[in-house]
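In: no sequence on this one, just coordinates:
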């Protein structure tokens, strides 16, 4: 089955790059391939995932030279195969554990920054929590809107840039970014923290992933041209400094092994001054009860 999927991915890629398929047709066919990904065994999924990256990395060198080919390549990479297949599967890994960690903070109002498919909120909703979500861009916000009622969250109809430039008066107990804040350069993250009044920030990132997976770093640089050479907030020390400069200190850190991709995801919780001690105790309790 994995070889069939790889052949389908390659065929769709060639059709996309040679203009033999429209964007609408591409999305529809990618969605069908994405459904098949969910049926793969972990080892087979990883092989297909690596193949996708290998294909697109080579394509950037071969095809990504003109504005037109770059656009077609972006359509392929950012399409439904990525969003409904790879992202949805990878991002739901450890979602239940992260939701439990958030529950230790007793939030009554949560903001999910970069909510993607809304999978984390689905987990939070099952634990009795609700809140709001936003996304990297307006297109993903529209997708989230379709799932909002089912998953129990509201939508802030602002993408990251709008939150940074216009958001005033937002108050949340917890702001969470699950593999999302790396799209923000440090100066924009700094502005975001200043704009949103929150007691806690929960950041989930593969901080150690860049050396082993340079293709991910390249993908991020293409997605957000403003990213620095350090690859966004994968630099953990710089992330700590950015929060410290805004009156937040780290009160919790836990690293999960994600066997399906041979990578690690680290959950870091930052507490605003005055909330550190209470949060640290509760987070350790939750970790002992549900995580370890």
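Out: Looks like it came in fine. None of the values given here were measured: they were computed from a predicted structure.
In: so which helix or strand takes in residue 267?
Out: strand 263-272 (DSSP states H and E).
In: helices and strands around that strand, which ones?
Out: Strand 263-272 is packed against helix 95-103, strand 196-205, helix 236-244, strand 248-258, helix 276-286, with contacts defined by 3 or more Cβ pairs under 8 Å, 6 or more residues apart in numbering; DSSP states H and E. The way it works is simple: take the backbone N, C-alpha and C, and place the C-beta from them, glycine included.
In: any idea what residue 174 is bridged to?
Out: On the basis of DSSP bridges, residue 174 is bridged to residue 110, residue 200.
In: so how far is residue 2 from it?
Out: As judged by Cβ to Cβ, to the nearest Å, residue 174 and residue 2 stand 39 Å apart.
In: higher neighbour count, the two?
Out: residue 174 (24 against 17; other Cβ atoms under 10 Å).
In: in the chain, what spans have low per-residue confidence?
Out: Applying pLDDT under 70 to the chain picks out residues 63-65, 87, 90-94, 137-139, 157-159, 167-169, 207-234, 257-263, 292.
In: in it, which spans are strands?
Out: For the chain, applying DSSP state E gives strands covering 110-113, 131-135, 153-159, 170-178, 196-205, 248-258, 263-272.
In: of all those strands, which lies closest to residue 39?
Out: For residue 39, the closest of those is strand 248-258, at 19.3 Å, according to Cβ to Cβ.
In: paired strands for the closest one, with orientation please.
Out: The pairing partners recorded for strand 248-258 under DSSP bridges are strand 263-272 (antiparallel).
In: can you give me the buried ones in the strand it pairs with?
Out: Applying a neighbour-count criterion of 16 or more other Cβ atoms under 10 Å, one finds 263, 265, 266, 267, 268, 269, 270, 271, 272 buried in strand 263-272.
In: out of the strands of the chain, which is closest to residue 40?
Out: strand 248-258 (15.6 Å).
In: what angle sits between the closest one and helix 95-103?
Out: Angle between the axes of strand 248-258 and helix 95-103 is 160 degrees (criterion: axes from the mean of the first three to the mean of the last three Cα atoms, to 10 degrees).
In: residues in contact with strand 248-258: which ones?
Out: Here strand 248-258 makes contact (Cβ atoms under 8 Å, 6 or more residues apart in numbering) with 90, 93-94, 97, 101, 193, 201, 240, 243, 264-273, 276, 279-280, 283-284, 287, 291.
In: run the last query once more with 6 Å
Out: With contacts defined as Cβ atoms under 6 Å, 6 or more residues apart in numbering, strand 248-258 is touched by 93-94, 264-272, 276, 279-280, 283.
In: now residue 85, nearest residue through space, not along the chain?
Out: Sequence neighbours aside, residue 34 is the residue nearest to residue 85 in space, at 3.3 Å (criterion: Cβ to Cβ, 6 or more residues apart in numbering).
In: circling back: for the strands of the chain, give me CSV that also has distance to residue 11.
Out: Below are the strands of the chain laid out as CSV (distance: least, Cβ to Cβ, whole Å):
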stretch, distance to residue 11
strand 110-113, 35
strand 131-135, 30
strand 153-159, 33
strand 170-178, 32
strand 196-205, 34
strand 248-258, 29
strand 263-272, 28
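In: closest one to residue 26 among those?
Out: Going by Cβ to Cβ, the one of the strands of the chain nearest residue 26 is strand 131-135, 21.0 Å.
In: the closest one packs against which elements?
Out: Where contact means 3 or more Cβ pairs under 6 Å, 6 or more residues apart in numbering; DSSP states H and E, strand 131-135 is packed against strand 110-113, helix 138-151, strand 153-159.
In: so which of those is the most surrounded?
Out: Stretch with highest mean neighbour count among the helices and strands packed on strand 131-135: strand 110-113 (a mean of 26; mean count of other Cβ atoms under 10 Å).
In: how far off centre is it?
Out: On the basis of Cα atoms, centre = their mean, to the nearest Å, strand 110-113 sits 12 Å off its chain's mean C-alpha point.
In: residues making contact with that strand?
Out: With Cβ under 6 Å, 6+ apart, strand 110-113 has contacts from 120, 121, 131, 132, 133, 172, 174, 175, 176, 177, 180.
In: kindly report the same for stretch 284-292.
Out: With contact meaning Cβ under 6 Å, 6+ apart, stretch 284-292 is reached by 97, 100, 104.
In: ok, the last one touching residue 282?
Out: Read that as residue 104. Yes. Applying Cβ atoms under 6 Å as the test, residue 104 and residue 282 come out as touching, 4.2 Å apart.
In: would you mark the buried spots in stretch 177-192?
Out: Buried residues in stretch 177-192, defined by neighbour count with 16+ other Cβ under 10 Å: 177-186, 188-192.
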